[in-house]
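Asks: below are the sequence and a predicted model; questions follow.
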Amino acid sequence: MRKSLILLAAMAFVLASCGDDDSAYMKTVNGKAGEVIVIMDKTNWDAEVGTSVRDVLAKDYPMLNQPEPSFTLININENAFSDLFKGHRNILYFNISPKIAENGVFVKRNVWAQPQIVITVDAKDSRIADSLVKANGDVIFSAIDQIEKERIARSSKKFEESSIRSVVAERFGGSPYFPKGYSIKKVADGFIWVSSEKTYINQGILIYTIPFNGVEFPSLETIIAEQNEVLKNNVPGMFPNSYMTTSTAVTPIMTPYKYKNKSYVEIRGLWEVANDYMGGPFVEHVIYSKDPNKLLVIQGFVYAPRYKKRNLVRQVESVVTSFEWAENFQNK
């Protein structure tokens, strides 16, 4: 079991760093964003191993106004796993048989299409398969979640509004990559608001700085207090004395991360408009800025009162995650 866990962690690292050169001529994946096909017989799907898969992949997506699963799972029996399904974006394949030589969990990219992820669970019996899922659940989740974000980020860079990146980088020394449909809504001292607005859907990216003493990273409470001051001064509501702020209905979640040699703090929570009834989810990264006395905040938020928000949040999160310093910008 320990061996399989280490193997999966190593494979996940390869997934994050490998390129797609060998898949240049593969067909493009099909399926909707956030979907995962689970190849498993009905008996196991309705038993403990199926429950473990749902616990890992269909748990509530964090910090949404209404509960939504992190991934939409589609169960298919092995004998129904046709070429159509082999082209799906995310595949979790269970190979449960006493003939299995070695139990393990294996991650591969671009097996039948690209950009695709295929995770295979090889187990001699259902009990072992269930143990593998439970032991490696976090890495299985992260591998699929990461490639979902990578697909969005790839599209953002391919179909980019590059002029926005130039404006943001001039003021902050770096910028996310903004896909077509985004435009600059507001520029102020130490603050830029970039927005994609459609009927009943608003996806916004706020880039701004907050004070930093240059020594100790501030607490969640301090960050929220500072950002609320920025939001109050820069993101007005529709009515007098209304403005964007962090909701106090739930406590935001702050998590430290390191990705592609960048250390940052991720904060997820809910926003609302003071003295109004608007609100929704947000996700932000707080990083060290070029100025040693300031921290840089890249905050993505969603307002979509008539629609589910999971995929919309993943989209703004991918924009937030795409932030790079100007010296590292990728030319198309």
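Replies: Perfect, I can see it now. Bear in mind the structure is a predicted one, so any value in this text is a computation, not a measurement. Numbers count the residues shown, from 1 in each chain.
Asks: for the stretch 101-250 of the chain, what are the low-confidence residue spans?
Replies: Scanning the stretch 101-250 of the chain with the threshold set as pLDDT under 70 gives no residue ranges.
Asks: distance from the chain centre to the longest helix belonging to the chain, please.
Replies: Looking across the chain with DSSP state H, the single longest helix is helix 126-158. The chain centre lies 11 Å from the centre of helix 126-158; the measure is CA atoms, centre = their mean, to the nearest Å.
Asks: so which bits of it are buried?
Replies: Within helix 126-158, the residues scored as buried using 16 or more other CB atoms under 10 Å are 126, 128-133, 135-137, 139-140, 143-153, 156-157. Heads up, the C-betas are built off the backbone N, CA and C, glycines and all.
Asks: ok, Val29 to Pro292 distance?
Replies: Distance of Val29 to Pro292, computed by CB to CB, to the nearest Å: 44 Å.
Asks: who has more neighbours out of those two?
Replies: A count of neighbours by other CB atoms under 10 Å puts Val29 above the other of Val29 and Pro292, at 19 against 10.
Asks: check contacts around the nearest residue to the more buried one once chain neighbours are set aside.
Replies: Nearest in space to Val29, with sequence neighbours left out and distances taken as CB to CB, 6 or more residues apart in numbering, is Arg89 at 4.0 Å. By CB atoms under 8 Å, 6 or more residues apart in numbering, the residues touching Arg89 are 29-31, 33, 35, 113, 115-117, 147-148, 151.
Asks: can you map out the helices along this protein?
Replies: For the chain, helices defined by DSSP H occupy the ranges 2-17, 42-45, 48-57, 83-86, 126-158, 162-172, 220-234, 310-321.
Asks: looking at those helices, which is nearest to Gly104?
Replies: Taking CB to CB, helix 2-17 is the member of those nearest to Gly104, at 4.2 Å.
Asks: if you average the pLDDT over that closest one, what comes out?
Replies: The pLDDT scores in helix 2-17 average 40.
Asks: the nearest residue to Ile39 once chain neighbours are set aside: neighbour count?
Replies: Nearest residue to Ile39, sequence neighbours excluded (CB to CB, 6+ apart): Tyr93, at 4.5 Å. By the criterion of other CB under 10 Å, Tyr93 has 20 neighbours.
Asks: ok, Tyr93 touching Ile119?
Replies: Yes: with contact defined as CB atoms under 8 Å, Tyr93 and Ile119 form a contacting pair (7.0 Å).
Asks: Ile100 and Val107: what is the separation?
Replies: Taken as CB to CB, the span from Ile100 to Val107 is 17 Å.
Asks: so which of the two has more stuff around it?
Replies: Taking other CB under 10 Å, Ile100 and Val107 do not tie; Val107 has more neighbours (23 against 16).
Asks: if I look at that one, how far off is Arg314?
Replies: According to CB to CB, Val107 and Arg314 sit 20 Å apart.
Asks: how about the residue lying closest to Arg171 once chain neighbours are set aside, what does it touch?
Replies: Closest residue to Arg171 apart from its sequence neighbours, by CB to CB, 6+ apart: Ile192 at 6.5 Å. Listed by CB under 8 Å, 6+ apart, the contact set of Ile192 reads 167-168, 171-172, 184, 186, 206-208.
Asks: now do Ala169
Replies: Here Ala169 is in contact with 175, 326, 329 (CB under 8 Å, 6+ apart).
Asks: nearest to Tyr307, of those residues?
Replies: Tyr307 lies nearest to Ser175 out of the contacts of Ala169, by CB to CB, at 27.5 Å.
Asks: quick one: the closest one and Glu161 touch, right?
Replies: No: the criterion here is CB under 8 Å, and Ser175 misses it with Glu161 at 10.8 Å.
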